[in-house]
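S.K.: compute the structure for the input listed below.
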Amino acid sequence: MDVTRNLMSIMDISSKNPIETGSFAPWSFTLWPPNSIRIVDWNIDRGLRLGGVIEFLADAKADLLILQEVDMNAKRTHRLNVAREIAQKLQMNYVFGCEFHELTQGPRSSPAFHGQATLSPWPLSNGRVLKFQQQSNFWRPRWYLPDVEPFQERIGGRMALIVDVNVAGRWLVSYNLHLESRGDSRLRQVQLGECLRDSKKYKSTTPIVLAGDLNLNVAQFDAVSELKCEDFNSPFTDQQVRTTPAKSLFDRGSTIDWIFTRGPIRAKSPRVDTSVAASDHYPLSVTVDFG
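M.R.: Reported below is the predicted structural model:
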């Protein structure tokens, strides 16, 4: 079993590939690969309501979980390694990619991290982080700001976690995105474009799932045209269901979480579970048929 090693060494935010992996799925033998898999994408709000998150994900019985805003060793989430907690409870494999070193959430001797996690009962491999070249300067530490929680000072930057998934001999590539919440929509579209350029490394016959918190309603911007030009499609573009709850009479929620696919796979049965209250985002799910 691959378990957490020293936090300082494995989550060196300056390294080219700051990831952690773990394997908790029991060994199994599958004679024939499934014709379809179920995928859930969800920004879990750091795992602050982890019990509710795990309860929903256990009931979802998904083959692939694509999660954003996942804490590791942060004070606000009781020093838990959230990705590993979920993987252990659900008996899955996981890859965690570090997005930020959270300076106000842990001392130097025991640092706290924040990022994305991809989980599956199927084998995961070749995990890598694509740190976006274009970033906001909003999060960087400033000498005149105290190291206290409201200022949320961080080292790192927004990124995509890319992982290969082996579904009983059928391979697909998962892009787990978290685009910048600060700045304007142009910055988010530029970051999305970096992912699309990276995806060109794969043949057109390679199944790709691109999902995450884009902080952008792609249907209202040029991003959807760019995605379609690269043969990415989503059943959610016709739904326009809000993926975050209403905060007030003037903020009725946003449509900013998405699942797209490319290649010889087809996503169907899109669903946004608006009854789930374990995060400040709703979980999305699709069934993906292999061609």
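
S.K.: separation between the residue nearest to Thr255 when sequence neighbours are not counted and Gly291?
M.R.: In space, Thr255 comes closest to Asn217 once its chain neighbours are excluded; the distance is 4.6 Å by CB to CB, 6 or more residues apart in numbering. All C-beta spots, glycine's among them, are computed from the backbone N, C-alpha and C. Remark: distance between Asn217 and Gly291 (CB to CB, to the nearest Å) = 29 Å.

S.K.: okay, the two: which has more neighbours?
M.R.: It is Asn217, of Asn217 and Gly291, that has more neighbours when counted by other CB atoms under 10 Å, with 19 against 9.

S.K.: local confidence estimate at the nearest residue to Ser181 once chain neighbours are set aside?
M.R.: The shortest distance from Ser181 to any non-neighbouring residue, by CB to CB, 6+ apart, is to Asn215 (4.9 Å). At Asn215 the predicted local confidence, pLDDT, stands at 95.

S.K.: next: the one 10 residues further on.
M.R.: The pLDDT attached to Ser225 in the predicted structure is 88.

S.K.: can you pull out the strands in the stretch 1-150 of the chain?
M.R.: Per DSSP state E, counting those that start in this stretch, the stretch 1-150 of the chain carries strands over the ranges 19-23, 36-46, 64-72, 93-102, 112-120, 124-131.

S.K.: what distance do you get for Thr21 to Ala168?
M.R.: 20 Å.

S.K.: who has more neighbours, those two?
M.R.: Thr21 (19 against 14).

S.K.: ok, now which ones touch the more buried one?
M.R.: Residues near Thr21 by CB atoms under 8 Å, 6 or more residues apart in numbering: 2, 93-96, 124, 127.

S.K.: re the thing from before, counting neighbours, what do you get for the residue nearest to Ser181?
M.R.: Using other CB under 10 Å, Asn215 has 21 other residues around it.

S.K.: from Gln105, how far off is it?
M.R.: Counting by CB to CB - Asn215 and Gln105 are separated by 21 Å.

S.K.: Thr21 bridge partners, please.
M.R.: Beta-bridge pairing of Thr21 under DSSP bridges involves Val95.

S.K.: same thing with Ile162?
M.R.: With DSSP bridges as the criterion, Ile162 is bridged to Arg128, Tyr175.

S.K.: now do the same contact list for it.
M.R.: 126-130, 173-176, 198.

S.K.: let's go with 7 Å and repeat that
M.R.: Contact analysis of Ile162 by CB atoms under 7 Å, 6 or more residues apart in numbering lists 128, 130, 173-175.

S.K.: can you give me the helices for the chain?
M.R.: 7-10, 50-60, 82-90, 185-199, 223-229 (DSSP state H).

S.K.: closest to Ala277 out of these?
M.R.: Of all these, helix 50-60 sits nearest to Ala277, with 7.0 Å by CB to CB.

S.K.: what residues does that closest one touch?
M.R.: For helix 50-60, using CB under 7 Å, 6+ apart, the contacting residues are 40, 44, 47, 65, 77, 82, 85-86, 89-90, 276-279, 283, 285.

S.K.: which among those residues count as buried?
M.R.: Listed as buried from these are 40, 44, 47, 65, 77, 82, 85-86, 89-90, 276, 278-279, 283, 285; burial here means 16 or more other CB atoms under 10 Å.

S.K.: tell me the one of those nearest Thr244?
M.R.: Looking across these and measuring by CB to CB, the closest to Thr244 is Ser279, at 9.1 Å.

S.K.: leaving out chain neighbours, which residue sits closest to that closest one?
M.R.: Nearest one to Ser279, counting by CB to CB, 6+ apart, is Asp45 at 4.0 Å.
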